[in-house]
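# A structural model of the following input is requested.
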Amino acid sequence: MELVFHGHSCFSIKTSRYHILIDPYIDENPLAKIKAEELAPDFLLLTHGHDDHLGDTLAIAKAANPLIIAPTELAGWCESKGLRTHAMYMGSAAFPFGKLTMVFASHGSSIQEDGERLYGGLACGYVLELEGKRIYHAGDTGIFGDMKLLSGRRSVDVALLPIGGNFTMDPEEALEAAKLIRAGLTIPMHYNTFPLIRQDGAKFVESLKTIGLKSLMLEPEEVLEL
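Residues are numbered from 1 along each chain as shown. Coordinates of the predicted model:
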């Protein structure tokens, strides 16, 4: 199984049979090294409706026809565009690739369309259980105490945590979040895309290593074998 970082909060998870794409902000992302048209996922997961996460969803979905999994209101908006959707809220569901749990994120959600901001429901994160691994994509979030529950039943193998600050956790808060989750590997995301969220990813990685937690900084289009 491969985990591919596309920049910002966008990741691909490629199993032996399926391609899962999360938060496809690509063509307007100044750090991206690919184009949205190069991606053809089977499943597309959205954490919330902000432009830097909804991103190229419409273009990708119209070309590849993936099943879009999203919070109910956001899924409804996608469905209104003629796309295939599966609406969820905080709970679990089985999919061909494995089990997916939608989890809380301390953030908001809206969709910008025709100069207006539409209500996007709640923001979320995801825990994916597939091919023997548990991957936590936190979405945009501040730190919250229930992060410790993510590893309560079974440990998290990989945690993808935002560190940019201002809209999400900054590196110090993400360090505390990593202590709560205690994943086998923590990867920073959602930083350096814009000046307002500029952070030192390498310094964050080293801060985790000093407390005995494994961490890795990925560059756009870098592939991690799991």
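# Can you mark which positions in the longest helix seen in the chain are buried?
Assignment by DSSP state H gives helix 171-181 as the longest helix of the chain. Residues of helix 171-181 classed as buried: 171, 173, 174, 175, 177, 178, 180, 181 (neighbour count, 16 or more other Cβ atoms under 10 Å). The way it works is simple: take the backbone N, C-alpha and C, and place the C-beta from them, glycine included.
# Next, format the residues you listed as a markdown table and append pLDDT.
Shown next, in a markdown table, are the buried residues of helix 171-181 (pLDDT from 0 to 100):
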| residue | pLDDT |
| --- | --- |
| 171 | 98 |
| 173 | 98 |
| 174 | 98 |
| 175 | 98 |
| 177 | 98 |
| 178 | 98 |
| 180 | 97 |
| 181 | 97 |
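# now, which of those sits nearest residue 26?
residue 174 (23.4 Å; Cβ to Cβ).
# The closest one and residue 207 touch, don't they?
No: using Cβ atoms under 8 Å, residue 174 is not in contact with residue 207; the gap is 9.2 Å.
# list the residues that contact both of those two?
When contacts are counted by Cβ atoms under 8 Å, 6 or more residues apart in numbering, residue 174 and residue 207 have no shared neighbour.
# picking that back up, distance to residue 155 for the buried residues of helix 171-181 - can I get that in CSV?
What follows is those, written out as CSV (distance: Cβ to Cβ, whole Å):
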residue, distance to residue 155
171, 23
173, 22
174, 18
175, 19
177, 15
178, 13
180, 13
181, 9
